[in-house]
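**Q** A structural model of the following input is requested.
(2 chains)
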Amino acid sequence: MILEVDKLQIDYQAKDGVTRAVDGASFVVPEGRIVGLVGESGCGKTTAVRAIMGVLAENGRRAGGRIVFKGQEVDAATTKRLLWRDIAYVPQSAMSSLDPVYTVGAQIVEVLTKRGNANRRDARKRAAELFDLVGLNERRLADYPHQFSGGMRQRAAIAMALALSPSLLLADEPVTALDVIVQRQILDMLRDLQERLHLSMVLVTHDISVVAYLCDEVVVMYAGQVIESGPVREVLARPRHPYTMGLRNAFPDLMTDAMELVPIGGSPPDLRDAPPGCRFAPRCPFVLETCTTGADGHSLANGHMSACRRDGEADLLRKEALDPVTWQRSSSFAAS
Amino acid sequence: MAALVELRGVVKHFPVARSLGEIVRGKRPAVRALDGVSFDVGSGDAVAIVGESGCGKTTLGRLMLKLAEPTGGSIAFDGVALGGLSGDGLRDFRRQAQLVFQNPFDALNPRFTIYRAVAEPLVNARIDKAEHKDRIEKAFRRVHLADFDRYFDKYPHQLSGGQLQRVVLARALVLAPRFLVADEPVSMLDVSVRAGILTLMREIREAMGLTAVYISHDLALVRYLCDRTLVMYLGRIVEDGPTEAIVRRPRHPYTRALVAAVPVPDADQSRIALPIKGNIPDSSEPPSGCHFRDRCPLAFARCAEEAPALREAAGGHRVACHLELA
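**A** Below is the predicted model of the structure:
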């Protein structure tokens, strides 16, 4: 395992109290694998990744849990040393990782000279290599970010992240704002880079199709917690948590014949007032009395983890989840 | 069925800042957002316009609602040219044609209560105030916010994304329009609430017999909502046909690449290389002839010389390509 995240807890201090944005999330990144961290906005996926990088917002703080990188515990002091050299981060909007008043080349050279102690001549040579690696013409190093299209900016941000040859790359929604063709080109490039540079990767996304296309492993988050994880093929073919089952059926799929959408009622909970017990319970059609109290379930078989208390019945529930009528049973259906 | 909206040779250019050299040489560079677009939207139909950013789809939607004026060509609504509309005629058109905004978080004034936001189109259309409450309640029932009293006095920030999008829809429906243009109606919503909005939009359109144009980059979504799809590339329609046929058997080389690029939630999907090269060129300097030719794997000499017309192909398609594509 190149990265282990164990029972991570992150709090945000706000005027009206503390919000626990990540509450006991655990997952691992095996060496040389691409892990998809998937969930809706507010589920804590970006916060978790920013905590690994030690770049939480000012009002955020690690309240508990461990982050272990290559067998070594990572805390506030060690992340500074690891940042860029061993772990690199491509933030959500590529535009925000690039400074509009400097040329893209100057920014990559700066990373190489300031953080990597390269001299300027070597740095310029390396910048050209990096552009070549991500499929950009090295002449474009002299351009400013605004002269780039969205896809090119994303490529440049990835080139910059790879400048100091990190072994782990964390990418937050790297293809979200992009058109499908550009999106596919970037995903193919990420897979190619992973293979050529033997990178390990965490890809944060809300799009389960992107996970299906690119990732080896998937970690599904809901309301600050990991509710299911495992090999992508296994989790998508046989989801065991009702939320994952719901996500799988809730969006039109271009190639299947099924044209009936199955909406999940309600919306994710407000984390300042998270429901007791399983956080998906208010939206879950399979909820039992026992789901709303006590600790979550945790069943693990062949690397496939589910936090559903009814995991023993997962095969049956999965069949029922295909029927839209099933979802109308949940208490929050009418209120969506 | 008779056409409700007719577009003929619609052109829209946006002038861009000129360099000194261009001023000296008398050149007037422009972004050619639309470059001769013609089609009809049949009464009661649901038509999708798909394409990547910069293809002109959003501009097209704005022109159909007379929120912008075309540089050339004509658009008619119910047989009346939009270009000549003013006064009462224009007000009447505005009642019948409505826009559903892309981002529900921006679409509503944060200082207005939900009631006032939904009442605004009624005020603008000079509907008698005595009718307001009744019409608003009806619109709320349509979008399945039957407990409307709960929402009327709230402000947008107090509602969830799904609820907001329902309010935005109610606002578009409050004048009982005949024609709706929706630009990326669910792209800002979380995945788990999208399906609810999509099923609702389909239900409303069928129940009210609305004519609708959905603008989106997402073919999977369009397949759920629309029977017919127009595919645009750099200001021109490259393919037009039944959505199912376009998804299953795309004919234009661009549509083929677009369909192949859509990710599906299946880990065993094929990962074939995309049949397309490079990036979208600058729309102020599109290639001569066919706009797609410099990215097309099948391009040949004629493609640079002559822009292919949109012509009938098998299966009810219209395709703008010089090749006979089976």
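
**Q** can you pull out the helices in the stretch 51-200 of chain A?
**A** Here the stretch 51-200 of chain A has its helices, by DSSP state H, counting those that start in this stretch, at A:76-82, A:94-97, A:104-110, A:120-133, A:150-161, A:180-197.

**Q** nearest to chain B, out of these?
**A** helix A:180-197 (4.2 Å; Cβ to the nearest Cβ). The way it works is simple: take the backbone N, C-alpha and C, and place the C-beta from them, glycine included.

**Q** contact partners for the closest residue to residue A:163 other than its chain neighbours?
**A** Excluding the flanking residues, the one nearest residue A:163 by Cβ to Cβ, 6 or more residues apart in numbering or on different chains is residue A:111, at 4.7 Å. Shown in contact with residue A:111 (Cβ atoms under 8 Å, 6 or more residues apart in numbering or on different chains): A:84, A:160, A:163-164.

**Q** pLDDT and distance to residue A:98 added to the residues you listed, as TSV?
**A** Below are the contacts of residue A:111 laid out as TSV (pLDDT from 0 to 100; distance: Cβ to Cβ, whole Å):
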residue	pLDDT	distance to residue A:98
A:84	77	15
A:160	93	8
A:163	93	13
A:164	92	17
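
**Q** run a quick neighbour tally on residue B:271.
**A** Other residues lying near residue B:271 total 10 when counted by other Cβ atoms under 10 Å in any protein chain shown.

**Q** that one reaches residue A:192, doesn't it?
**A** No - counting by Cβ atoms under 8 Å, residue B:271 sits too far from residue A:192 to count as a contact (11.7 Å).

**Q** what residue ranges in chain B score low on pLDDT?
**A** B:1, B:325-326 (pLDDT under 70).

**Q** ok so, going back, which one of the contacts of residue A:111 is nearest residue B:222?
**A** Residue B:222 has its nearest neighbour among these in residue A:160, at 35.5 Å by Cβ to Cβ.

**Q** pull out the buried positions in stretch A:292-303.
**A** By 16 or more other Cβ atoms under 10 Å in any protein chain shown, the buried positions in stretch A:292-303 come out as A:296-297, A:299.

**Q** my bad, should have said stretch A:204-217
**A** Of the residues in stretch A:204-217, those buried (16+ other Cβ under 10 Å) are A:204-217.

**Q** now find how far off-centre that stretch is within its chain.
**A** Chain-centre distance of stretch A:204-217: 9 Å, with Cα atoms, centre = their mean, to the nearest Å.

**Q** convert the C-alpha atoms of it to PDB, please.
**A** Only the C-alpha atoms of stretch A:204-217 are listed here, as PDB (Å, rounded to 0.1, in the frame of the first residue of the first chain):
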ATOM      1  CA  VAL A 204     -11.800  12.400  -7.000                       C
ATOM      2  CA  THR A 205     -15.000  12.500  -9.100                       C
ATOM      3  CA  HIS A 206     -18.800  12.600  -8.800                       C
ATOM      4  CA  ASP A 207     -19.100  10.600 -12.000                       C
ATOM      5  CA  ILE A 208     -19.300   6.900 -11.700                       C
ATOM      6  CA  SER A 209     -18.800   6.500 -15.400                       C
ATOM      7  CA  VAL A 210     -15.400   8.100 -15.200                       C
ATOM      8  CA  VAL A 211     -14.500   5.700 -12.400                       C
ATOM      9  CA  ALA A 212     -15.600   2.800 -14.600                       C
ATOM     10  CA  TYR A 213     -13.500   3.900 -17.500                       C
ATOM     11  CA  LEU A 214     -10.300   4.700 -15.700                       C
ATOM     12  CA  CYS A 215     -10.000   3.300 -12.200                       C
ATOM     13  CA  ASP A 216      -9.000   0.000 -10.700                       C
ATOM     14  CA  GLU A 217     -10.500   0.500  -7.300                       C
END
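
**Q** tell me if it is near chain B.
**A** Yes - interface with chain B: stretch A:204-217 contributes A:206-210, A:212-213 (Cβ under 8 Å from any Cβ of the partner chain).

**Q** closest one to chain B out of those residues, please.
**A** Nearest to chain B among the residues of stretch A:204-217 next to chain B, with distances taken as Cβ to the nearest Cβ, is residue A:209, at 3.7 Å.

**Q** give me the pLDDT for the closest one.
**A** For residue A:209, the pLDDT comes out at 90.

**Q** I'd guessed it sits against residue B:219; true?
**A** No - Residue A:209 lies out of contact with residue B:219 (Cβ under 8 Å); the separation is 11.9 Å.

**Q** overlap in contacts, the two.
**A** residue B:262.

**Q** what's around residue A:64, how many residues?
**A** Residue A:64: 14 neighbours (other Cβ under 10 Å).

**Q** so the residue most central in space within chain B, which of the three states?
**A** The residue lying closest to the centre of chain B (Cα atoms, centre = their mean) is residue B:215, at 2.6 Å. State at residue B:215, reduced to three classes by DSSP: H, G, I helix; E, B strand; the rest coil: strand.

**Q** need the contact list for it.
**A** Counted by Cβ under 8 Å, 6+ apart, residue B:215 has contacts B:48-50, B:57-58, B:60-61, B:181-184.

**Q** any idea what it is bridged to?
**A** Beta-bridge pairing of residue B:215 under DSSP bridges involves residue B:49, residue B:183.

**Q** quick check: it vs residue A:175, distance?
**A** For residue B:215, the distance to residue A:175 equals 21 Å [Cβ to Cβ, to the nearest Å].

**Q** what of residue A:322?
**A** Counting by Cβ to Cβ - residue A:322 and residue A:175 are separated by 29 Å.

**Q** which one's more surrounded, those two?
**A** Taking other Cβ under 10 Å, residue A:322 and residue A:175 do not tie; residue A:175 has more neighbours (25 against 13).

**Q** per-residue pLDDT, that one?
**A** On the pLDDT scale, residue A:175 is placed at 88.

**Q** state the distance from the closest residue to it other than its chain neighbours to residue A:65.
**A** Computed as Cβ to Cβ, 6+ apart, the closest residue to residue A:175 that is not its neighbour in sequence is residue A:183, at 4.2 Å. Plainly put, residue A:183 is 33 Å away from residue A:65 if you go by Cβ to Cβ.
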